[in-house]
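1. got a predicted model here, sequence first, then my questions.
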Amino acid sequence: MRKRLKKIAAVMSLMTMGLSLFGCGDKKDDTESTEKAKTEDVSASENVTTEGGNGGASGQDTLDLEAMSSTEFAVYLGNGYNLGNTMEATDSTRPGDFINNPVSYFETLWGQPETTQEMLDDMKAAGLDTVRIPVAWHNVMDFTNGNYTIREDYLARVKEIIDYAYNAGLYVVVNDHWDSGWWGLFGSADEKNREAAMEQYISMWEQLSEYYKDYDYRLIFEGGNEEIGDRLNDIDATWNKDGGKLSKDECYQKANEINQTFVDTVRKSGGNNAKRFLLIPGYGTDITQTLDSRWHMPTDTVEGKLLLSVHYYTPWNYCGSSGSSTWGTKKNYEEMNSLMEKLSVYPEKGYGVIIGECGVLPTSGGEMKPNWLLWYKNFFANCDIYGYVPLLWDTGNMLKKDTHKWIDDGVKEFLIENSYEKQKDKSYEEIKAAAEKVMAEGLEAAPETFDTSHLIAGDGKAIGWIMWTSEDWSISYSVGDTYDPDAATFGIKATDVEVTGEGTYTISLDFTGTEPGASNSSAFSAIGISNGEVLFPGYIIVIKEILINGEPYNIRGRNYTSSDDGLCTRSNLYNAWVKEVPSEARTQGGGTTGCSPTLIDVSTLGNVSTVEITFEYLPGEQGISTNDANSKN
């Protein structure tokens, strides 16, 4: 264990002094630097104990974590897992006497079983080294009435789960997650609401810092989640309809302010918090936006104890939804490798990097997606090269927590093979060489495009429909590039059409028969045509009219046509995950000036009882230039 730590930690330390060992420099220089580092006494010394209380983790060596930098610490964090849809489960409407429900009510609200010691043991047995516990602290906080006190039994339950993790020999990350969308109060039009948002954020972390301050350095605090970015403008919460008022620049400023407040609040609480490792969410946890010059890491009173958190589900329609049917083209590999390389500027600056959520989520039918192993191999290889810590996102789909079974034995085998335990005795040079080999072989074997002719879905017809998910995710219809009318909230009436070629078509959704009777705005929506790319290659979708609740709706900008999987033709209505119009986008007449993936203004959309779209399906042309394609409203 010490052998690999010393070698990698030394490499990381040297990297922070400007020696770009991860780059394409002279191999002889790299070797000489590493050989010199082998003789240096870095990080953990033998037979030292961990500072702080709450017991030792079973089977875990005692380490002087206090003396480590975050890049050195990252080595021990290995690979990890999220305890998803559990302690962060909540309801944005907070019905009735919501905050006075028992803790078990919240923990099981999104269909998960109550967490047990055996579940955390399962994670360790699968080669995982770290567990992230997302939490919704506002579940039991009467913050709408200015009371920011977190209930004692809720704090105690999270403590119990932390102890389960320690007993299993796992490192632990605890954060404040989506949490009913309260973060949108930072974007309120009312300055008093913005001030109250910061006041409750400070109060929350004062309480958490005090309650968990005696835990040793194996416990990591994370200041937030994806919300510290564009989602400071969210209007998810029923009490926050005046949100969405921050400009992009103001979102960046507020994100930096929140992160600095988090660090300052935890540090001043003293105890082990004075030197605890703190995980800082990047801007929206998005790699590209975190690399923007408007975002920066906060300052700290102690050196080398900050880590950066970003998430990786690229491409989303393959990783996170049932859209793209597969992954593995040269373009897919190059996209991943490029983003991972760009992110390496942070370890070069001395910040460990935790990819707090990542992975290829199973299909709605409970199966691993085609080529999932190719994605994982290339992704973990990148993590090995740059020293990133991947924490898989799971909501009981990959690890069936109640039955203690993995969805696929191959997933468990892969995690074990890539665990810290398996790699601890290898030198960094050995790990890097193996990772580079995996990446090179994957890229070389990758096709330019997939032959999708054999993938024609269903009965081989092209079906046009509206993909839709409500803002609170309680209402949805066939989201993803695979047309599935059975993947729908009960009560939805859909009018889908067979597309037979050039012509005008009308599709619609009626939500009045659902339990809430309407969709609360939209978190995602798009027009889809199944099999369109195969049956009608190059065709475009031209929106002629959208009716919301029977009234004409004026979209913001022009729609464009694209495809994520080479099979389904799509035109986004509201897709916040797409940051730029793709260069391969198709429009009538060519060119993509004024096009946008967010044509609908969800901040003002409100409740949607019905949506009807009329569009033309026509032969089209590809966007004419990359610069033009990147322009948006």
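-> Good, I have the coordinates. The structure presented is a predicted model; accordingly, all values stated were derived computationally and were not measured. Residues are numbered from 1 along each chain as shown.

2. and the strands in the stretch 251-400 of the chain, which stretches?
-> 278-281, 306-312, 352-358, 389-392, 399-400 (DSSP state E, counting those that start in this stretch).

3. alpha carbons of whatever helix or strand W468 lives in, as CSV, please.
-> Per DSSP states H and E: W468 is located in strand 462-469. Output in CSV follows, covering the C-alpha atoms of strand 462-469 (Å, rounded to 0.1, in the frame of the first residue of the first chain):
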residue,chain,number,x,y,z
ALA,A,462,-40.6,6.2,-38.3
ILE,A,463,-42.7,7.5,-35.4
GLY,A,464,-42.9,11.1,-34.4
TRP,A,465,-43.6,12.0,-30.8
ILE,A,466,-42.9,14.5,-28.0
MET,A,467,-40.3,13.6,-25.4
TRP,A,468,-41.3,15.3,-22.2
THR,A,469,-40.3,15.5,-18.5
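
4. measure Y215 to E160 for me?
-> 13 Å (CB to CB, to the nearest Å). C-beta coordinates here come from the backbone N, C-alpha and C atoms, glycine included.

5. so these two - more neighbours on which side?
-> Between Y215 and E160, Y215 has the larger neighbour count (other CB atoms under 10 Å), namely 24 against 12.

6. on that earlier part again, pairing partners for the strand holding W468, with directions?
-> The strands beside strand 462-469 in its sheet (DSSP bridges) come out as strand 476-477 (antiparallel), strand 497-499 (antiparallel), strand 524-529 (antiparallel).

7. off-centre distance for that strand?
-> 25 Å (CA atoms, centre = their mean, to the nearest Å).

8. residues making contact with that strand?
-> Strand 462-469 is contacted by residues 475-480, 483, 485, 494, 496-500, 505, 507-509, 519, 522-532, 535-536, 570, 611, 613, 615, 617 when judged by CB atoms under 8 Å, 6 or more residues apart in numbering.

9. sketch out the low-pLDDT regions of the stretch 401-550 of the chain for me.
-> Within the stretch 401-550 of the chain, the ranges that satisfy pLDDT under 70 run 451-459.

10. mind listing the strands for it?
-> Using DSSP E, counting those that start in this stretch, the strands of the stretch 401-550 of the chain run over 405-406, 462-469, 476-477, 493-495, 497-499, 503-510, 519-520, 524-529, 539-548.

11. could you check how far the third one is from the centre of its chain?
-> Averaged C-alpha coordinates place strand 476-477 at 21 Å from its chain's average position (CA atoms, centre = their mean).

12. still on that earlier bit, can you lay out the strands of the stretch 401-550 of the chain as CSV showing mean neighbour count and distance to A197?
-> Output for those, formatted as CSV (neighbours: other CB atoms under 10 Å; distance: least, CB to CB, whole Å):
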stretch, mean neighbour count, distance to A197
strand 405-406, 14, 40
strand 462-469, 23, 26
strand 476-477, 20, 29
strand 493-495, 14, 38
strand 497-499, 17, 45
strand 503-510, 17, 34
strand 519-520, 26, 21
strand 524-529, 25, 25
strand 539-548, 18, 30
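
13. just so I know, which of these lies nearest N259?
-> strand 524-529 (27.2 Å; CB to CB).

14. which of the strands of the stretch 401-550 of the chain sits closest to S180?
-> Set against S180 and scored by CB to CB, the strands of the stretch 401-550 of the chain come closest in strand 519-520, at 13.0 Å.

15. contacts for the closest one, please.
-> Everything outside strand 519-520 that qualifies as a contact, by CB under 8 Å, 6+ apart, is W468, S470, E471, D472, S474, I475, F511, N607, V608, S609.

16. dump these into JSON lines; add distance to T326 as well.
-> Listed next are those as JSON lines, based on distance: CB to CB, whole Å:
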{"residue": "W468", "distance to T326": "24"}
{"residue": "S470", "distance to T326": "28"}
{"residue": "E471", "distance to T326": "30"}
{"residue": "D472", "distance to T326": "31"}
{"residue": "S474", "distance to T326": "30"}
{"residue": "I475", "distance to T326": "28"}
{"residue": "F511", "distance to T326": "32"}
{"residue": "N607", "distance to T326": "37"}
{"residue": "V608", "distance to T326": "33"}
{"residue": "S609", "distance to T326": "37"}
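
17. between the residues you listed, which sits nearest N193?
-> For those, the nearest to N193 is E471 (18.7 Å; CB to CB).

18. surely the closest one and A518 touch.
-> No. Between E471 and A518 there is no contact under CB atoms under 8 Å: 11.3 Å.

19. so between those two, which is more surrounded?
-> E471 (25 against 16).

20. list phi and psi for that one.
-> Main-chain dihedrals, E471, degrees, to the nearest 10: phi -60, psi -40.

21. same question for the one 3 residues further on.
-> Per-residue torsions, S474: phi -90, psi -20 (degrees, to the nearest 10).

22. gap between it and I492?
-> Distance, S474 to I492, using CB to CB: 12 Å.

23. SS state for K192?
-> helix (DSSP: H, G, I helix; E, B strand; the rest coil).

24. actually G566, sorry about that
-> coil.

25. circling back: compare S474 and I492 (neighbour count), which wins?
-> A count of neighbours by other CB under 10 Å puts I492 above the other of S474 and I492, at 19 against 16.

26. please report how far the nearest residue to that one once chain neighbours are set aside lies from E160.
-> In this structure, I492 finds its nearest non-sequential neighbour in Y477, 5.4 Å apart by CB to CB, 6 or more residues apart in numbering. Per CB to CB, Y477 is found 39 Å from E160.

27. how about the strands of the stretch 251-400 of the chain in TSV, adding distance to T592?
-> Below are those laid out as TSV (distance: least, CB to CB, whole Å):
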stretch	distance to T592
strand 278-281	31
strand 306-312	26
strand 352-358	30
strand 389-392	34
strand 399-400	42
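
28. surely M87 and L155 touch.
-> No. Counting by CB under 8 Å, M87 sits too far from L155 to count as a contact (11.1 Å).

29. am I right that T71 is in a helix?
-> Yes. Counting by three-state DSSP, one finds T71 located in a helix.

30. count residues in the vicinity of it, would you?
-> So T71, with other CB under 10 Å, has 26 neighbours.

31. so where's this protein shaky on pLDDT?
-> Using pLDDT under 70, the flagged stretches of the chain are 1-61, 236, 238, 321-325, 451-459, 621-633.

32. what comes up buried for stretch 80-95?
-> Residues of stretch 80-95 classed as buried by neighbour count (16 or more other CB atoms under 10 Å): 80-92, 94.

33. ends of that stretch, how far apart?
-> The first residue of stretch 80-95 is 34 Å away from its last residue (CA to CA, to the nearest Å).

34. how about stretch 269-280?
-> By CA to CA, the extent of stretch 269-280 from end to end equals 18 Å.

35. kindly report the same for stretch 132-149.
-> Across stretch 132-149, first to last residue, CA to CA, it's 23 Å.

36. quick revisit: between the buried residues of stretch 80-95, which is closest to D286?
-> Comparing the buried residues of stretch 80-95 against D286 with CB to CB places N82 closest, at 17.5 Å.

37. the closest one reaches P390, doesn't it?
-> No. Assessed by CB under 8 Å, N82 is found out of contact with P390, at 10.8 Å.
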